[in-house]
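Asker: give me a 3D structure for the following:
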Amino acid sequence: MPIRLLLYYLLAVNALTFILYGLDKWKAHRKQWRIPEAVLLWLAAFGGSPAALVAMHLFHHKTLHKKFRYGVPAIMFAQIAVAVFFLLLRK
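Answerer: Numbers count the residues shown, from 1 in each chain. So this is what the prediction gives:
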């Protein structure tokens with residue numbers, strides 16, 4: 001996969017993740033239909049973990065839920081470890 005395509009994908013998934021975390025917080029305040037937690041976690045797992053962490057702290061959203069407080073950083077750590085592994089493998 002060309003690196004440029006990967007960067008575009010990561011930009012898009014992070015933008016979507018950030019928007020949906022913010023939208024979910026907005027909906028929570030208005031007691032409206034919410035975005036399922038599984039969707040938010042899957043977005044983090046598919047590359048949106050940096051945006052998920054930023055959104056969680058910026059919007060003060062899902063920070064008390066253990067699966068988000070510990071799960072999202074764990075996902076990001078795993079993603080960084082995989083990226084470092086593949087970068088080292090290429091050399």
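Asker: low-scoring stretches of the chain, by residue?
Answerer: By pLDDT under 70, the low-scoring segments of the chain are 1.
Asker: can you list the buried residues in whichever strand or helix holds Ala74?
Answerer: Assignment of secondary structure by DSSP states H and E places Ala74 within helix 71-90. Neighbour-count burial for helix 71-90 flags Gly71, Val72, Ile75, Met76, Gln79 (criterion: 16 or more other CB atoms under 10 Å). For every residue, glycine as well, the C-beta is placed using N, CA and C.
Asker: cool, and stretch 45-56?
Answerer: Buried residues in stretch 45-56, counted by 16+ other CB under 10 Å: Ala45, Gly47, Gly48, Ser49, Pro50, Ala51, Ala52, Leu53, Ala55, Met56.
Asker: of those, which pair is most distant in space?
Answerer: Greatest spatial distance among the buried residues of stretch 45-56 (CB to CB): Gly47 and Met56, at 16.0 Å.
Asker: ok, now which ones touch Lys27?
Answerer: Trp33, Arg34, Ile35 (CB atoms under 8 Å, 6 or more residues apart in numbering).
Asker: can you redo the buried residues of stretch 45-56 as a markdown table with distance to Asp24?
Answerer: As requested, the buried residues of stretch 45-56 are exported to a markdown table (distance: CB to CB, whole Å):
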| residue | distance to Asp24 |
| --- | --- |
| Ala45 | 16 |
| Gly47 | 18 |
| Gly48 | 13 |
| Ser49 | 16 |
| Pro50 | 17 |
| Ala51 | 13 |
| Ala52 | 11 |
| Leu53 | 15 |
| Ala55 | 9 |
| Met56 | 11 |
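Asker: closest to Ala83 out of these?
Answerer: Gly47 (10.3 Å).
Asker: three-state assignment of that closest one?
Answerer: Put simply, Gly47 is helix when judged by DSSP: H, G, I helix; E, B strand; the rest coil.
Asker: the closest residue to it other than its chain neighbours in helix, strand or coil?
Answerer: Once flanking residues are discounted, Gly47 sits nearest to Val13: 4.5 Å by CB to CB, 6 or more residues apart in numbering. What three-state DSSP gives for Val13 is helix.
Asker: thank you kindly, that will do.
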